[in-house]
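A.B. asks: below are the sequence and a predicted model for it; my questions follow.
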Amino acid sequence: MNFTTNKFCAIAGAVLATFAATPASAANLALSYGTTAGVVNAVAVAALTTPNQFVTAVRNSNLDLEAIVWFNNTATSQVQRLGSFTSGNIPGSAAGPPTLSVVGIANNQFVTAFENEQEALELIVFSVDSSGNIARKGSVIVAAPIASLALTALDGAHVATVTTNGATETATLWAVDPLGNIAQQGSSWSVDDPSVIVGVVATSSSQIVVAQFVPNPGGIMMFSLSVNPSSLSLQDAVFYNTGYADNGVIDMLALGGGNFAMALENGATNLDIAQWTVTTAGVMSQLTDNRSYPTINAVGLAAVGGLPFTITATFPGLFGDLFLEANVWGGSASVAMAIDTDFVCTPDDGCIASAAGLGGTQVATASAAAGADLHVDIWKFQE
């Protein structure tokens with residue numbers, strides 16, 4: 001697999017300089033190794049509790065939900081495919097807001113959330129055995145149409161969903177037992193939502209932050225919610241004025257200690273990476289912001305070494321080709337960057353990407369040009 005690091009940027013010269021400045025840092029980020037799988041149209045990735053195991057949830061060529069477990073074999077520098085499971089149809093295309101998400105929870109279980117054939121939210125719990133085989137467990141369907149969704153894990157036994165139908169944004173808490181049964185916990189929380197772009201992050205087991213895109217005047221409205229067994233309660237609301245009337249993705253990531261990162265695909269061509277903090281009382285304040293870093297079509301966000309890691313499709317090519325670009329962020333600046341020239345798509349392809357931290361210095365990413373093969377890669381960051 002071909003990969004380049006900061007050296008590539010120096011060779012590319014003026015072409016890359018138009019889009020991304022080479023980070024001036026001793027830190028190093030490199031694409032270590034990877035593999036490919038079949039044709040996909042949507043993708044999400046999450047780490048499992050078994051070390052170096054992770055799962056991709058994809059919409060395959062039949063538009064079915066397919067979950068695949070992978071093993072990051074650090075001894076042989078290989079990504080090995082283990083078990084897989086196909087269940088349920090996911091309509092639509094890669095264009096538009098996310099309709100598929102996955103999170104890992106305790107007991108080597110994971111939860112998928114997706115918009116099913118009835119345009120309703122469906123959650124399915126799966127378990128993974130010691131050999132990487134997948135078994136389907138409990139599931140639930142919320143019989144109301146949705147336009148997009150986001151999913152986060154609060155702890156090993158609870159997840160939260162945020163959905164929108166284009167008029168109302170709804171946050172709901174779900175409990176998952178060791179056998180994989182899933183049930184709603186308490187009442188949902190709702191707010192008017194003028195768009196179909198939403199995000200959510202659990203900053204602790206007792207607090208989540210939900211987000212929605214506001215097209216006029218252009219920005220992100222964020223709400224901190226306290227979590228208890230009977231309800232979700234509003235703590236605070238903050239408007240983040242990005243200045244963009246267009247937004248394609250809101251990806252959110254907990255960094256610990258009440259801090260969280262948010263990656264936005266703003267204005268169709270720019271990556272906005274911002275870090276925030278929230279108190280236990282729900283008061284939110286911004287720490288850092290970089291809203292002009294270029295990206296096209298794809299944004300994935302994960303943590304590595306306690307820092308935000310982004311995977312994007314960007315423009316290092318001479319002929320409009322998009323390669324994968326990975327960055328690690330320290331404050332508002334990229335401290336390390338690497339490019340995967342083995343991955344190629346164009347703006348019209350609808351590039352898709354997701355990322356999951358594997359603990360320590362490694363991140364797994366899943367990416368594709370819509371309707372093309374899935375790329376599963378392992379990146380390594382060293383400070």
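C.D. replies: Arrived safely. Given the structure is predicted, the values throughout are model-derived calculations rather than measurements.
A.B. asks: any idea how far residue 109 lies from residue 141?
C.D. replies: In this view, residue 109 and residue 141 are 19 Å apart by Cβ to Cβ, to the nearest Å. (Glycine included, C-beta is placed from N, CA and C.)
A.B. asks: Provide a list of residues in contact with the closest residue to residue 37 other than its chain neighbours.
C.D. replies: Leaving aside its chain neighbours, residue 37 sits nearest to residue 374 (4.2 Å; criterion: Cβ to Cβ, 6 or more residues apart in numbering). By Cβ atoms under 8 Å, 6 or more residues apart in numbering, residue 374 lies in contact with 36, 37, 38, 39, 40, 43, 56, 58, 366, 367, 368.
A.B. asks: list only buried entries from those.
C.D. replies: 37, 39, 40, 43, 56, 58, 366, 367, 368 (16 or more other Cβ atoms under 10 Å).
A.B. asks: rewinding a little: residue 109 and residue 141: who's more crowded?
C.D. replies: Neighbour totals were compared for residue 109 and residue 141, and residue 109 leads with 25 against 13 (other Cβ atoms under 10 Å).
A.B. asks: count the neighbours of the nearest residue to that one once chain neighbours are set aside for me.
C.D. replies: Leaving out its chain neighbours, the residue that sits closest to residue 109 by Cβ to Cβ, 6+ apart is residue 127, at 4.9 Å. Applying other Cβ under 10 Å, we find 16 residues neighbouring residue 127.
A.B. asks: output the contacting helices and strands for the helix or strand residue 127 falls within.
C.D. replies: Secondary structure assignment for residue 127, by DSSP states H and E: strand 120-128. Strand 120-128 sits against strand 53-60, strand 64-73, strand 78-89, strand 109-115, strand 134-145, strand 158-164, with contacts defined as 3 or more Cβ pairs under 8 Å, 6 or more residues apart in numbering; DSSP states H and E.
A.B. asks: report the buried residues of the helix or strand following the last one.
C.D. replies: The one in question is strand 158-164. Remark: after strand 158-164, the chain's next helix or strand is strand 168-176, criterion DSSP H and E. Going by neighbour count (16+ other Cβ under 10 Å), the buried part of strand 168-176 is 169, 170, 171, 172, 173, 174, 176.
A.B. asks: got the buried residues for the helix or strand containing the residue nearest to residue 37?
C.D. replies: Secondary structure from DSSP H and E places residue 374 in strand 372-382. Neighbour-count burial for strand 372-382, counted by 16+ other Cβ under 10 Å, picks out 372, 374, 375, 376, 377, 378, 379, 380, 381.
A.B. asks: pretty sure the third one sits against residue 343.
C.D. replies: Right, residue 375. Yes - taking Cβ atoms under 8 Å as the definition, residue 375 is a contact partner of residue 343 at 5.3 Å.
A.B. asks: which neighbours do the two have in common?
C.D. replies: With Cβ under 8 Å, 6+ apart, residue 375 and residue 343 have common neighbours 324, 367.
A.B. asks: partner strands of the longest strand anywhere in the chain, parallel or antiparallel?
C.D. replies: Criterion DSSP state E: the longest strand present in the chain is strand 28-47. Strand 28-47 has the following sheet partners, assigned by DSSP bridges: strand 53-60 (antiparallel), strand 372-382 (antiparallel).
A.B. asks: kindly reformat the ones you listed as a markdown table containing distance to residue 244 and mean pLDDT.
C.D. replies: Below are these laid out as a markdown table (distance: least, Cβ to Cβ, whole Å; pLDDT from 0 to 100):
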| stretch | distance to residue 244 | mean pLDDT |
| --- | --- | --- |
| strand 53-60 | 27 | 95 |
| strand 372-382 | 28 | 94 |
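A.B. asks: of those, which approaches residue 233 most closely?
C.D. replies: Proximity to residue 233 (Cβ to Cβ) singles out strand 53-60 among the strands paired with strand 28-47, at 30.4 Å.
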